[in-house]
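S.K.: Show me how the following folds:
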Amino acid sequence: MTVRRALVDRAGHLRDDAGIVDALRSSHDARVIVVREGRVRVDDGALVSVSPTEVGDAQWALLGRHSDGSALLLAAVGQVSDSIDAAPDETWLGLRDTGGMLDDESSELLVGAIALAGWLRDARFCQHCGSETELRQAGWSRHCSQCVQDIFPRTDPAVIVAVESSDGERLLLGANANWRGRMYSCFAGFVEAGESLEATVHREIEEEAGVRLDAIQYIDSQPWPYPRSLMVGFRATASEERRARPDGEEIIDVRWFTRDEIGSALAGNGPVGLPGAASIARRLIQLWYEDGE
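M.R.: Residues are numbered from 1 along each chain as shown. I've put the predicted structure just below:
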């Protein structure tokens, strides 16, 4: 398993400095990642940052520091922003559009910016009393003066699982009803209240594919800001392969694939479509395939 360390300095020690965002907005050295409706600007395969003076009305936050030491701000803008709308629509891309396009640092910035921008947009009002909240900690918390409560960005854990046969030579994938059979992927689901990650893996696989598991192994994780998930990736071995069947609601088909079939699908030659390069599902499938080469 590869140990991946954070590439972006989030500069958490600066968040409690009063006026830090306003000060950086006035700085000539600071750069801004603009998020509009869950999308950022990408040009020629690179994440675009702009000067604070190029951004009009927005909700602001401190993202951290770039590898060169310059401060990075987030500006979450609405659908219309006169200062940046000159950029062509095709340069505004979401996470699913940028798979394999950006370097690791830019990808980390993109995910963090989209996730935080979504929270800034959706958490303006206190969920307990409905009062408008005040941004604090450089955009990383909100305060309700009525409830005297601090509110922080949420992360919802979900598991995603690559299920292999007992001999390790076949991989079980499912077709989600939303995809209408055009794509097969790993099985996934949210962790329920009071449930461990391991219990979720067993429950989700039995619910969605009818299969019980002998063993599970943690592989990797991926923040997935749709809207605020953390995908925790596992690999598992099925104990009763012949029991595999779709739940008929969320999953409309399940199928065991040979290693040759997975290799062909990864190359884009069928027999089915697989998840895009930006997703941990693709990574889990790729890792399984490469283990058998």
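S.K.: Residue 69 belongs to a strand?
M.R.: No - under DSSP: H, G, I helix; E, B strand; the rest coil, residue 69 sits outside any strand and is assigned coil.
S.K.: That one: neighbouring residues, count only.
M.R.: 8 (other Cβ atoms under 10 Å). (Glycine included, C-beta is placed from N, CA and C.)
S.K.: how much space is there between residue 62 and residue 17?
M.R.: Note on residue 62: its distance to residue 17, by Cβ to Cβ, to the nearest Å, is 9 Å.
S.K.: Mutual contacts of these two, please.
M.R.: residue 138 (Cβ atoms under 8 Å, 6 or more residues apart in numbering).
S.K.: give me phi/psi at the residue lying closest to residue 50 once chain neighbours are set aside?
M.R.: Nearest residue to residue 50 in three dimensions, chain neighbours excluded: residue 32, at 5.2 Å (Cβ to Cβ, 6 or more residues apart in numbering). Main-chain dihedrals, residue 32, degrees, to the nearest 10: phi -130, psi 130.
S.K.: Now for residue 32: which residues touch it?
M.R.: Residue 32 makes contacts with 49-52, 54-55, 72-75, as judged by Cβ under 8 Å, 6+ apart.
S.K.: Let me know the closest of these to residue 112.
M.R.: If you rank those by distance to residue 112 using Cβ to Cβ, residue 74 comes first, at 8.2 Å.
S.K.: Would you map the strands across the stretch 101-250 of the chain?
M.R.: Along the stretch 101-250 of the chain, counting by DSSP state E, counting those that start in this stretch, strands occupy 134-136, 141-144, 149-151, 156-164, 170-176, 187-190, 213-224, 229-238.
S.K.: Could I get these in a markdown table, plus columns for distance to residue 281, mean pLDDT and mean neighbour count?
M.R.: As requested, the strands of the stretch 101-250 of the chain are arranged in a markdown table below (distance: least, Cβ to Cβ, whole Å; pLDDT from 0 to 100; neighbours: other Cβ atoms under 10 Å):
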| stretch | distance to residue 281 | mean pLDDT | mean neighbour count |
| --- | --- | --- | --- |
| strand 134-136 | 34 | 94 | 14 |
| strand 141-144 | 32 | 95 | 18 |
| strand 149-151 | 31 | 93 | 15 |
| strand 156-164 | 6 | 97 | 22 |
| strand 170-176 | 9 | 96 | 22 |
| strand 187-190 | 7 | 96 | 20 |
| strand 213-224 | 9 | 94 | 16 |
| strand 229-238 | 8 | 97 | 20 |
